[in-house]
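Peer 1: generate coordinates for the sequence data below:
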Amino acid sequence: MRLLSRALCCLFAGLPVSVVAAGADDLKKAQPLIEKHYYESAAVLLRAADAEKSGGAPALLLGRAYARNAELYRALRRSSLAIGTRYLQKLAAQGGRARSRYATLYLGEYLLEDGKTEAGVTQLRKFLAQRGLSVHDSEIARVRIAGAKKGAGTPPKNDPSQLEAMAVYAAALSQIPERLVEAQVRTDKLLAEARKRDPVPPMRLVTYAIAVYARAGAIEKAFALIDGSDLGRPSRIENIGKEKVLRFYDPALLGALADLYQTAAERAFERAGSDTRLKQVAAYFVAESRFVAGDAAGAVARLVKLVDAADLPLAYRQRAMVLKAALDARAARNSRGATPVDELAAKFSEDPLLLAEVIFACTRAGGRCGDAPGVARRLAATGQGDRFRALHWAVGLNYIGAKELEPALLALETARDKSNKNRIDTNDPLLLNSLADLYLETRSFSENLEIYFELAKEFPAVRQLQEAGQGVYSMEYRSAGDVKIF
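Peer 2: Sure thing, here's the model as predicted:
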């Protein structure tokens, strides 16, 4: 979902020329990357140029790259939990010689990550009930069960063979505020110990180190770790017989990345806001990022001040008004009568770009959208092309929320750039991810996997969705053999 449509205004529209001129070279290189959805590439470029320390416009742009990454990884996490659980449930149900030893471990972890604590613990206990488990694997499951009970439990044995279990323990500790510093110290030591054995730490250790560093605000450490890691690596590879190869991925990775980029975005926006000329614009982007992250209270507290801020450019005031209206509609979802969303939909009934923003915001907030979706559908039916793409996308998401998959698919396919079907430089990755979800639901597996293949070129962590998608296809329509990606 994109709450600030690029089609409507450039990031720096309405800002003083002197503000944009600061760090102009970096902006010239990074802004086109963000506009073409190469968020991490832009962030790497800006980090190398010390954009955050520079403050002003470079820090603002860095914050936008981080914020878009955070939004995307949250969406990818939701998709991964759904498709990963579906695949692992089928895999765990297999018996005989084809049975996977680790399916219940990872199924339990996926369920825990999805907030299904009881079901997750049940699967982990099934895993522990198997004979012949290594101490390493048993400790991982034990620590995950303890963490699911809102505590860290007892630590694994301080042994080099237990680094991954100790990383899980450190992540559980980091969720206890008074033990966050201890968790970070433990993580630093674990990574140092792991690198003595191999310059590339195990993927499970990388995942939980990112989670700890994100919670501790140790952003530089997290990015240094990411820069030296292949986030597409599996957590485990299991060989069954001569032909069957299974790859398992840690479900915590995408959420850890989303948290990291959210924290990094807000810090960059705060740094940008130290330039008084950008203070209000930076405040808007903090409010927007809180809204997208689902922090209604944090968003509305800021939006109340922004909707009437005379020193905030009009384009941003309009969007602040849209976001606040969506949150007001959410608060009034059990009441009757017209909502602020209805009023905005009527006001923008002939403007496909602003009307799209209204539908995006209301759908994301989960508010009572009233007649607004009908207004949007009627306008969307009158046009296509670039000016209407955002509106078709918004309408499609609204249909998804209403569980109307056929019209949702039609709307999202209309929103996609048909001449560059799945390329992220012409299609927002969030749009493509929603399409991939729909293709999976409608069993269009080839289309689903083609999207993941393209997304993984810029976002390697998408590999876990590729594998799970191919796994579902194999389990349901072919054999449950080796997972082959395009």
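Peer 1: quick one: end-to-end length of stretch 120-139, please.
Peer 2: Using Cα to Cα, to the nearest Å, one end of stretch 120-139 lies 16 Å from the other.
Peer 1: residues in contact with stretch 181-190: which ones?
Peer 2: 163, 166-167, 169-171, 173-174, 205, 208-209, 212-213, 215-216, 218, 221 (Cβ atoms under 8 Å, 6 or more residues apart in numbering). Bear in mind the C-beta positions are built from the backbone N, C-alpha and C, glycine included.
Peer 1: go again with 7 Å.
Peer 2: With contacts defined as Cβ atoms under 7 Å, 6 or more residues apart in numbering, stretch 181-190 is touched by 163, 166-167, 170, 173-174, 205, 209, 212, 216, 218.
Peer 1: tell me where the stretch 201-350 of the chain has strands.
Peer 2: 236-240, 244-248 (DSSP state E, counting those that start in this stretch).
Peer 1: okay, buried residues for the last one please.
Peer 2: So that's strand 244-248. Buried residues in strand 244-248, counted by 16 or more other Cβ atoms under 10 Å: 244, 246-248.
Peer 1: next structured bit after the longest helix anywhere in the chain?
Peer 2: Using DSSP state H to define each element, the chain has its longest helix at helix 56-92. Going down the chain from helix 56-92, the next helix or strand is helix 103-113, by DSSP states H and E.
Peer 1: I'd like the next helix or strand past that next one.
Peer 2: helix 117-128.
Peer 1: now the longest helix of the chain: average pLDDT?
Peer 2: For helix 56-92, mean pLDDT rounds to 96.
Peer 1: report the buried residues of that helix.
Peer 2: 56-77, 79-88, 90-92.
Peer 1: angle of that helix against helix 117-128?
Peer 2: Relative orientation of helix 56-92 versus helix 117-128 (axes from the mean of the first three to the mean of the last three Cα atoms, to 10 degrees): 60 degrees.
Peer 1: what residues does stretch 221-231 touch?
Peer 2: Under the criterion Cβ under 7 Å, 6+ apart, residues 47, 206, 209-210, 213-214, 253, 260, 460-461 lie in contact with stretch 221-231.
Peer 1: surely residue 39 touches residue 65?
Peer 2: Yes - between residue 39 and residue 65 there is a contact at 4.8 Å, judged by Cβ atoms under 7 Å.
Peer 1: spit out the contact partners of the spatially most central residue of the chain.
Peer 2: In the chain, the residue lying closest to the centroid (Cα atoms, centre = their mean) is residue 73, at 1.6 Å. Going by Cβ under 7 Å, 6+ apart, residue 73 touches 254, 257-258, 261.
Peer 1: how close does it sit to residue 326?
Peer 2: Using Cβ to Cβ, to the nearest Å, residue 73 is found at 22 Å from residue 326.
Peer 1: ditto for residue 35
Peer 2: According to Cβ to Cβ, residue 35 stands 25 Å off from residue 326.
Peer 1: the two: which is more packed in?
Peer 2: More crowded of residue 35 and residue 326, by other Cβ atoms under 10 Å: residue 326, with 33 against 13.
Peer 1: quick check: the more buried one vs residue 367, distance?
Peer 2: 6 Å.
Peer 1: equivalent analysis for residue 256, please.
Peer 2: Using Cβ to Cβ, residue 256 is found at 29 Å from residue 367.
Peer 1: before we move on, back to that, for the contacts of residue 73, give me a markdown table that also has pLDDT and distance to residue 237.
Peer 2: As requested, the contacts of residue 73 are exported to a markdown table (pLDDT from 0 to 100; distance: Cβ to Cβ, whole Å):
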| residue | pLDDT | distance to residue 237 |
| --- | --- | --- |
| 254 | 98 | 20 |
| 257 | 98 | 22 |
| 258 | 98 | 26 |
| 261 | 98 | 28 |
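Peer 1: so which of those residues are in helices?
Peer 2: Those of the contacts of residue 73 lying in helices (DSSP H): 254, 257-258, 261.
Peer 1: rewinding a little: most widely separated two among the buried residues of strand 244-248?
Peer 2: Farthest-apart pair in those is 244 and 248; separation 13.3 Å (Cβ to Cβ).
Peer 1: SS state for residue 183?
Peer 2: Following DSSP: H, G, I helix; E, B strand; the rest coil, residue 183 is assigned to helix.
Peer 1: for it, grab the count of nearby residues.
Peer 2: Counted with other Cβ under 10 Å, residue 183 comes out at 24.
Peer 1: now swap in residue 155 and tell me
Peer 2: For residue 155, using other Cβ under 10 Å, the count is 17.
Peer 1: show the contacting residues for it.
Peer 2: 166, 169.
Peer 1: what strand or helix carries it?
Peer 2: Per DSSP H and E, there is no helix or strand for residue 155.
Peer 1: quick one, phi/psi of it?
Peer 2: phi -70, psi 150 (degrees, to the nearest 10).
Peer 1: quickly note the distance from it to residue 29.
Peer 2: Residue 155 is 46 Å from residue 29, by Cβ to Cβ.
Peer 1: just residue 39 next, same as before
Peer 2: Distance from residue 39 to residue 29, by Cβ to Cβ: 14 Å.
Peer 1: how about residue 108, what does it touch?
Peer 2: 120-121, 123-124, 127, 144.
Peer 1: quick check, nearest of these to residue 341?
Peer 2: residue 120 (36.7 Å).
Peer 1: shouldn't the closest one be in contact with residue 107?
Peer 2: No - Residue 120 is not in contact with residue 107 according to Cβ under 7 Å; the separation is 8.0 Å.
Peer 1: between the strands of the stretch 201-350 of the chain, which one is closest to residue 25.
Peer 2: With Cβ to Cβ as the yardstick, what comes closest out of the strands of the stretch 201-350 of the chain is strand 244-248 (41.8 Å).
Peer 1: now do the closest one: which elements does it pack against?
Peer 2: strand 236-240 (3 or more Cβ pairs under 7 Å, 6 or more residues apart in numbering; DSSP states H and E).
Peer 1: so the strand it packs on versus helix 103-113, what angle?
Peer 2: Using the same axes, to 10 degrees: strand 236-240 against helix 103-113 is 150 degrees.
Peer 1: report the buried residues of strand 236-240.
Peer 2: Those would be 236, 240, for strand 236-240 by 16+ other Cβ under 10 Å.
Peer 1: same for it, what does it pack against?
Peer 2: Right, strand 236-240 is packed against strand 244-248 by 3+ Cβ pairs under 7 Å, 6+ apart.
Peer 1: what lines up beside the strand it packs on in the sheet?
Peer 2: Each strand paired with strand 244-248, and its direction, by DSSP bridges: strand 236-240 (antiparallel).
Peer 1: can you give me the offset of the strand it pairs with from its chain's centre?
Peer 2: Averaging C-alpha positions (Cα atoms, centre = their mean, to the nearest Å) puts strand 236-240 27 Å from its chain's average.
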